[in-house]
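Enquirer: With the input below, show me the fold.
(chains A and B)
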Amino acid sequence: MILKSKKSSWAYIVARVKVMKRRLIPSEEYRKLLNMDFNEIVRYLEETDYKREIDELAYKYSGPRLLDYALTLNLGRTYKKIQDVSFGVAKYLITEYLRRWDIWNIINVIRGKMAGVSAEEIEESLVPIGEYTIDFYKSLIPKEIDEIVKTFEGTPYYSALSKIGSEPLSIIEDELYKIYYQKLLKERPNEIALKLFMDFIRMEIDIKNIKTILRLKREDVSTDEIMKRIIPGGFEITEREAAKLSAMTWDELIKALEGYWFWKGIEGITDKSISRIEIKFDKAWMEIVAKRAINYPLSILPVLQYIVLKKIEVDNLRTLGWGKWQGIPNEEIEEQLVIL
Amino acid sequence: MAEDAIARGLIAVGAGLAVGIAGIGAGIGESGIGAAAVGATAEDRSFFGLGILFTVIPETIVIFGLVIAFILMFAFH
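Expert: Predicted coordinates:
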């Protein structure tokens, strides 16, 4: 696919996204939010971009579910807006990147069906972006799982979805992500915009893979099992590297991570808690993305940076909301937040 | 007499080129800035004034072109 990018089209979308980025909740505000109770947090959010969604859903829900659905809806709308206001190469790349939400939605529908969750609850968990519309997913909900799988016949996802029933859902989810990444990496970068996008995707795969290796290593899973879940096409962690890393003991593994591009951010991980290590990886990843976005201001990177930052913000607010609702101590909530 | 007319004609063409090419250059420069200014203003109206200011900065190049055109037209006439 040959796409020509013009500087001015990047300038438009990047300027828009940069202004949107200014409206994200600044890191110092989280300290303030941590000292609030649940209702105060909701009231605080009503003064931000989340007002519209909270107002819309407040008549139906309350408590953490209100927050949950409002955050999901806001995330979907924000992404949709970025997709709608971009054009040319930017639109193409953003659309491709946001296709991951197809997987999120498909898995949510199937998981909801398996768990016997009400149709309304499944609907609320859907994020209205990606290739398929919300109406399409709504039409799937009353169907049986076999029928749902059949609907995807002819799409790239079918090969993974047809294994439903014989394999656990988490494996199928991994397979779907593999298909998604494979599709993204099929493009041959013939210009800088595509190359930057590819590098971003490859680095993201690295982070995903290294997290998988660490998590499974902690659970003493065999190398073969780990390798099954590795996404091919990483930036530095190729399949061969991954095989080498997953065959090591924990201490060797931590030592071997030295020298990879993400090493600077995670230096000195002595922590035993895997979630804290994962947060360190997320922070290291975001720092690198921020640095690259500064180096290439008129490219897809500032847009992707915003997309990831928005996701982090929504996840943080969700953790904060649920944590507060369940009365978890502040220190524990803070440990789970990705504050950049 | 004929040579004089050719010289005058060339001066006029030169003056035209000075403004014209400077205008194209400014246009290229402004395209990116203008796009960014519109993008920023679409998100936040307070960027409107600043956006306009930045967009017209490359316009100064056209003023240089215009000055050259005037010099050509009046000093060498």
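
Enquirer: does stretch A:87-99 come close to chain B?
Expert: No: Stretch A:87-99 lies out of reach of chain B by CB under 8 Å from any CB of the partner chain, never closer than 10.7 Å. The C-beta positions use only the backbone N, C-alpha and C, and glycine is treated the same way.

Enquirer: Show the model's pLDDT score for residue 53.
Expert: Going with chain A. Looking at A:Glu53, its pLDDT stands at 91.

Enquirer: my bad, the chain I had in mind was chain B
Expert: The model's pLDDT for B:Leu53 equals 95.

Enquirer: Which residues does the helix or strand hosting it contact?
Expert: Element membership for B:Leu53, per DSSP states H and E: helix B:48-56. With contact meaning CB atoms under 8 Å, 6 or more residues apart in numbering or on different chains, helix B:48-56 is reached by B:30, B:33-34, B:36-38, B:40-41.

Enquirer: could you flag which of the residues you listed are buried?
Expert: Applying 16 or more other CB atoms under 10 Å in any protein chain shown to the contacts of helix B:48-56, the neighbour count classes B:30, B:33-34, B:36-38, B:40-41 as buried.

Enquirer: Now distance to chain A too, for these, in TSV please.
Expert: Shown next, in TSV, are the buried ones among the contacts of helix B:48-56 (distance: CB to the nearest CB, whole Å):
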residue	distance to chain A
B:Glu30	9
B:Ile33	7
B:Gly34	8
B:Ala36	4
B:Ala37	7
B:Val38	6
B:Ala40	4
B:Thr41	9
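
Enquirer: In CSV, list those along with pLDDT.
Expert: Shown next, in CSV, are these (pLDDT from 0 to 100):
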residue, pLDDT
B:Glu30, 91
B:Ile33, 92
B:Gly34, 93
B:Ala36, 93
B:Ala37, 94
B:Val38, 93
B:Ala40, 94
B:Thr41, 94
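
Enquirer: Looking at those residues, which is nearest A:Lys21?
Expert: B:Ala40 (11.5 Å; CB to CB).

Enquirer: doesn't that closest one fall inside a helix?
Expert: Yes: counting by DSSP: H, G, I helix; E, B strand; the rest coil, B:Ala40 is located in a helix.

Enquirer: can you pull the pLDDT of the residue of the stretch 101-250 of chain A found nearest chain B?
Expert: As assessed by CB to the nearest CB, chain B sits closest to A:Ala193 within the stretch 101-250 of chain A, at 14.9 Å. pLDDT, A:Ala193: 80.

Enquirer: near chain A, which residues of chain B?
Expert: B:31-40, B:42-44, B:47.

Enquirer: now, the most widely separated pair of these?
Expert: B:Ser31 and B:Asp44 (21.3 Å).

Enquirer: burial count for A:Glu29?
Expert: Neighbour count of A:Glu29, defined by other CB atoms under 10 Å in any protein chain shown: 13.

Enquirer: Next, name the residue at the spatial heart of chain B.
Expert: B:Val62 (2.3 Å; CA atoms, centre = their mean).

Enquirer: Can you tell me the SS state at that one?
Expert: helix.

Enquirer: how near is it to chain A?
Expert: Relative to chain A, B:Val62 is positioned 19 Å away (CB to the nearest CB, to the nearest Å).

Enquirer: Enumerate every residue touching that residue.
Expert: So B:Val62 contacts B:19, B:22-23, B:26 (CB under 8 Å, 6+ apart).

Enquirer: what's the answer for A:Phe87, then?
Expert: A:Phe87 neighbours (CB under 8 Å, 6+ apart): A:9, A:13.

Enquirer: Now do the same for it: its pLDDT.
Expert: A:Phe87 is assigned 86 on the pLDDT scale.

Enquirer: how far is whichever strand or helix holds B:Leu17 from where the chain is centred?
Expert: Secondary-structure element containing B:Leu17, defined by DSSP H and E: helix B:2-43. Centroid separation for helix B:2-43 versus its chain: 4 Å, with CA atoms, centre = their mean, to the nearest Å.

Enquirer: just the angle between that helix and helix B:48-56, please?
Expert: Using axes from the mean of the first three to the mean of the last three CA atoms, to 10 degrees, the direction of helix B:2-43 lies 150 degrees away from that of helix B:48-56.

Enquirer: So which other helices or strands are in contact with helix B:2-43?
Expert: When contacts are defined as 3 or more CB pairs under 8 Å, 6 or more residues apart in numbering or on different chains; DSSP states H and E, helix B:2-43 packs onto helix A:7-22, helix B:48-56, helix B:59-70.

Enquirer: Determine which stretch of the ones you listed is the most buried.
Expert: Neighbour counts (mean count of other CB atoms under 10 Å in any protein chain shown) averaged over each of those peak at helix A:7-22, with a mean of 21.

Enquirer: for whichever helix or strand comes after that one, the distance to its chain's centre please.
Expert: Downstream of helix A:7-22, the first helix or strand assigned by DSSP H and E is helix A:27-34. Distance of helix A:27-34 from its chain centroid, counting by CA atoms, centre = their mean, is 22 Å.
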